[in-house]
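Attaching a predicted model along with its sequence, questions to come.
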Amino acid sequence: MIDIATTYMGLTLKNPVVPSASPLSRHVSSIRQLEDAGSAAVTMYSLFEEQIDLEALAQHNFLEQTVFMSAEATAYFPQAADFNRGPDGYLELIREAKAAVDIPIIGSLNGVTPGGWTRYAKLIEEAGADALELNVYLIPTRTSLTSDGVENTYLEILREVKAQVKIPVAMKLSPFFSALPNMAYRLDWAGADALVLFNRFYQPDFDLEELTVTPRLVLSNSNEMRLPLRWIAILYGHVKASLALTTGIHTAEDVVKALMAGADIANVASVLLEQGIGAIGELVHGLQQWMEAHEYESVTQMKGALSQQNVAEPAAFERANYMKVLGSWK
């Protein structure tokens, strides 16, 4: 019998398909639907640093007073009413979800500065979360902020949270580190239980008629998984932390590729928003069919089969492949 179970951050999951943080986890009813559809776990939508910090509320009031008085993009900040349920509501939702489903619930904290907001990691643990994902959504726009400063922010936040909780902690990474393997190694050494590749930064657009900066959500496609696919294949076997591939998982073949690169789980969101929660069952069933057709007995047998350390041509992940691809165009 084919075994599609996997282990992620020490958690045993019935399959490797896990919904990532999205609006689908805002209500207990939809979390139940995710479980019924075949989800192995659910990562909750993010609780933001700005929702927790009282100082952020004062900042919001200041920004709101001047939002229409400046040509700067202050209107890009979300209105307070647009935020999710807030810290207390978030904790209550985790409690309700844990009581309603049998699959692991992974909390999500989103912040950019070491500080008091990280105390909510302990509260999320006390609410019943099985693990926690840290999403450091940091856009370094200041010329005074160095690469060391960015990297140390990730490490400081991780250390603060790890000092407060006993549940596993995952770090969701940006793809823009100048030496990603070194950063992954340092986070691994600092105690990260998983590395999630990659954070998908949503780029603003320009409205040329209104001359404003406009937030615009564009869902992913399968081509976008090539970036995390490459780096997971490179990191596999070099860090102890679990690896999660997020961005671009839309088909069962995408799930297979993630596992072959070395990922323990494949995070999905866009495909569920486009096709509905039932797409999870199709991904899981498609994975089983592919494994049967190619005579794989378990997910464990597949993991890392196409990682850099296991392929016949490891240079395919390096500069030689860049030259080969350019030379192939006719």
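Alright, I've got the coordinates. Numbers count the residues shown, from 1 in each chain.

Could you check the pLDDT of the residue lying closest to residue 219 once chain neighbours are set aside?
Leaving out its chain neighbours, the residue that sits closest to residue 219 by C-beta to C-beta, 6 or more residues apart in numbering is residue 270, at 3.9 Å. Glycine gets a C-beta too; all of them are placed from N, C-alpha and C. Listed pLDDT for residue 270 reads 94.

Show the contacting residues for residue 270.
Shown in contact with residue 270 (C-beta atoms under 8 Å, 6 or more residues apart in numbering): 219, 220, 221, 248, 250.

and what of residue 94?
By C-beta under 8 Å, 6+ apart, the residues touching residue 94 are 44, 105, 107, 124, 127, 128, 129.

what does residue 150 give?
Residue 150 makes contacts with 138, 140, 177, as judged by C-beta under 8 Å, 6+ apart.

Considering the residues you listed, which possesses the most neighbours?
Neighbour counts for the contacts of residue 150, by other C-beta atoms under 10 Å, peak at residue 138, which reaches 19 neighbours.

so that residue is in which element?
In the assignment (DSSP states H and E), residue 138 maps to no helix and no strand.

Look up the closest residue to it, ignoring the ones flanking it.
Among residues not flanking residue 138 along the chain, residue 112 sits closest, at 4.6 Å (C-beta to C-beta, 6+ apart).

Spell out the residue ranges of the strands in the protein.
Under the criterion DSSP state E, strands of the chain are mapped to 6-8, 11-13, 17-19, 42-43, 47-48, 105-110, 131-135, 169-173, 194-197, 205-207, 212-214, 242-245, 265-268.

Ok, which of those strands comes nearest residue 235?
With C-beta to C-beta, the closest approach to residue 235 among the strands of the chain belongs to strand 242-245: 6.4 Å.

any idea of the mean pLDDT for the closest one?
Per-residue scores along strand 242-245 average to 98.

Need the contact partners of that strand.
7-9, 18, 170, 193-197, 225, 228-229, 232, 235-236, 258, 261-267.

Filter those residues down to the buried ones.
Applying 16 or more other C-beta atoms under 10 Å to the contacts of strand 242-245, the neighbour count classes 8-9, 18, 170, 193-197, 225, 228-229, 232, 235-236, 258, 261-267 as buried.

Residue 225 versus the residue nearest to residue 219, what's the distance?
11 Å (C-beta to C-beta, to the nearest Å).

Please apply the same query to residue 281.
From residue 281 over to residue 225 the distance is 20 Å, taken as C-beta to C-beta.

where do the contact lists of residue 270 and residue 225 overlap?
Jointly contacting residue 270 and residue 225 under the rule C-beta under 8 Å, 6+ apart are residue 248.
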